[in-house]
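Trainee: I would like the atomic coordinates for the input below:
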Amino acid sequence: MSFSFHFVSHLWLLFQPVHYEEKNWSTEQYSGGCYTARFPPGIMSQYGRIIREPVGKIYFAGTETATQWSGYMEGAVQAGERAAREVLYSMGRISKNEIWVTEPESKDVPALPVTTTFLERNLPSVPGLLRFLGFSCFFTSVAAASLFAFKKGLILQKCT
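Mentor: Numbers count the residues shown, from 1 in each chain. Prediction:
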């Protein structure tokens, strides 16, 4: 019996998983449903390097261990590349100063510039928007009060 026949005859087993787990991240106690772990202010700046340190032959990589873009895909990629270089360093393939090298931009898939629309570039900030709404409400109130006063005869109209 050949290997290919044996493999094909057991191919159906691939479609019958032995174990399956699903996680509802919104009920998770520590992350609370967000895409990264929540830490109080100052924790990552004081202890961030500690969660990146390897323990024996275990190397940690994940978006929480990234030095930039923590919580995003870019951070996960950066952390994975860093951890891979740490493994290469432990194997003697690269020097220690090559662990924190920034990866060059891909020539096959160049980064596209971020283009913004006129509206995106000129949207007011939250304080600016609140100020605008405040002035709008004030001037609308003054105009409504003036119209009310004119209708009630509190403001006299001068005839020529």
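Trainee: What's the mean pLDDT across the strand or helix carrying residue 130?
Mentor: Element membership for residue 130, per DSSP states H and E: helix 126-151. What helix 126-151 shows for mean pLDDT is 90.
Trainee: Same check on stretch 41-56?
Mentor: Here the average pLDDT along stretch 41-56 is 85.
Trainee: show me where this structure has helices.
Mentor: 3-9, 43-52, 73-90, 118-122, 126-151 (DSSP state H).
Trainee: which parts of the third one are buried?
Mentor: Yep, that's helix 73-90 we're talking about. 75, 76, 78, 79, 80, 81, 82, 83, 85, 86, 89 (16 or more other C-beta atoms under 10 Å). Backbone N, C-alpha and C define where each C-beta goes, glycine included.
Trainee: wouldn't the fourth one be in contact with residue 68 here?
Mentor: No - using C-beta atoms under 8 Å, residue 79 and residue 68 do not qualify as a contacting pair, with a distance of 9.7 Å.
Trainee: Now render the helices of the chain as JSON lines, adding distance to residue 21.
Mentor: Supplementary listing: those in JSON lines, determined by distance: least, C-beta to C-beta, whole Å:
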{"stretch": "helix 3-9", "distance to residue 21": "27"}
{"stretch": "helix 43-52", "distance to residue 21": "24"}
{"stretch": "helix 73-90", "distance to residue 21": "20"}
{"stretch": "helix 118-122", "distance to residue 21": "40"}
{"stretch": "helix 126-151", "distance to residue 21": "40"}
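Trainee: Need the winner for burial among those.
Mentor: Here the criterion is mean neighbour count by mean count of other C-beta atoms under 10 Å, and of these the winner is helix 73-90, at a mean of 17.
Trainee: Just want the angle from that helix to helix 43-52.
Mentor: If you take axes from the mean of the first three to the mean of the last three C-alpha atoms, to 10 degrees, helix 73-90 sits at 40 degrees to helix 43-52.
Trainee: which residue is nearest the middle of the protein?
Mentor: residue 72 (4.2 Å; C-alpha atoms, centre = their mean).
Trainee: Identify the residue nearest that one in space, chain neighbours excluded?
Mentor: Ranked by C-beta to C-beta, 6 or more residues apart in numbering and with sequence neighbours excluded, the top spatial neighbour of residue 72 is residue 63, at 6.5 Å.
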